[in-house]
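Asks: pasting the sequence and the predicted model now:
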Amino acid sequence: MSKILVSQSITKEFNKKEQILKGISLGIEEETFTVILGPSGSGKSTLLNILSGLLKPTSGKVVYRGKELTLFTESQLADWKRNEVGYVFQNYMLLNNLTAEENIKIGISPNSTPLPFDRLTRILGIESILDKFPSEMSGGEQQRTAIARAVIKNPSILFCDEATGSLDESNSKKVVELLHSLKNIFGISVLFITHNLQIAETADRIITIKDGLLFEDIINHNPISASNMIWG
Ligand SMILES: Nc1ncnc2c1ncn2[C@@H]1O[C@H](COP(=O)(O)OP(=O)(O)OP(=O)(O)O)[C@@H](O)[C@H]1O
């Protein structure tokens, strides 16, 4: 299987103080659902931000499909983020004065063919709330709208930072299940940060970070179905 993203000896220090990441090398395969686990403060978000081009490493390389992302100019990086990458965060980040449909359409990139809007909103189960504003939606509906906005450009890779962190059990399961569907239907690779071991059990690959180092990297040969997750 070919790799969509590779990191080589990534380190990160903020303000020349303590090293938060201490040399992380890993490779993410195309069309896989990968979970990054680890204790609070271990550096998961920092790593995800570096892999997704939101943050520069102090040293080390990030390579996307053979191209060194860490050497991209600001404008190449902006194009890459606009065309190839989707982001989903814990706090949805929807615009309050726009409807669901308008929020989703913000995600369309001028340089790539969008996914079919009707099919995508049907898959995500939000086709009946498209004229609602965020304040009129449940948390689960807001997050599914945010996912639609992130993937409508048909990104190659979707970065999710605690994307179920604000949701209850049933909405979290639904979101994880939908992300797996998007991977299976559209071939979008998913990189998902979580503290939740059950979500990790659904992944193809489970990477654990501890104290800024790669602690464990497991290929999960028997992922459980997201609909069969047992919470708690
Ligand atoms: N911009 C920043 N400036 C200074 N320190 C930072 C910055 N961002 C993160 N850190 C520090 O880096 C360390 C790792 O943070 P990070 O958010 O990557 O951890 P995490 O594993 O994602 O934690 P959590 O699970 O609690 O979200 C923390 O000690 C944090 O305070």
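Replies: Structure's in. What do you need? Residues are numbered from 1 along each chain as shown.

Asks: which non-adjacent residue is nearest residue 123?
Replies: What sits nearest to residue 123 in space, not counting adjacent residues and going by Cβ to Cβ, 6 or more residues apart in numbering, is residue 181, at 6.1 Å. C-betas here are computed from N, CA, C, even on glycine.

Asks: same question, residue 204
Replies: Spatially, and ignoring its direct neighbours in sequence, residue 204 is nearest to residue 32 (4.3 Å; Cβ to Cβ, 6+ apart).

Asks: is it true that the residue nearest to residue 123 touches residue 125?
Replies: No - with contacts counted by Cβ atoms under 8 Å, residue 181 stays clear of residue 125, the gap being 10.6 Å.

Asks: up against the ligand, what does the protein have?
Replies: 14, 20, 38, 40-46 (Cβ under 6 Å from any ligand atom).

Asks: mind running it again at 5 Å?
Replies: Those residues of the chain that sit near the ligand, judged by Cβ under 5 Å from any ligand atom, are 14, 20, 40-46.

Asks: just the ones of these in strands?
Replies: Counting by DSSP state E, the part of those found in strands is residue 20.

Asks: quick revisit: separation between the residue nearest to residue 123 and residue 39?
Replies: According to Cβ to Cβ, to the nearest Å, residue 181 and residue 39 sit 30 Å apart.

Asks: now residue 144
Replies: The gap separating residue 144 from residue 39 is 29 Å, by Cβ to Cβ.

Asks: buried residues in stretch 181-192, which are they?
Replies: By neighbour count on 16 or more other Cβ atoms under 10 Å, the buried set for stretch 181-192 is 182-183, 186, 188-192.

Asks: any chance of these in TSV, plus pLDDT and secondary structure?
Replies: Formatted as TSV, the buried residues of stretch 181-192 follow (pLDDT from 0 to 100; DSSP: H, G, I helix; E, B strand; the rest coil):
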residue	pLDDT	secondary structure
182	95	helix
183	96	helix
186	95	helix
188	96	coil
189	97	strand
190	98	strand
191	98	strand
192	97	strand
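
Asks: look up phi and psi at residue 217.
Replies: Main-chain dihedrals, residue 217, degrees, to the nearest 10: phi -140, psi 100.
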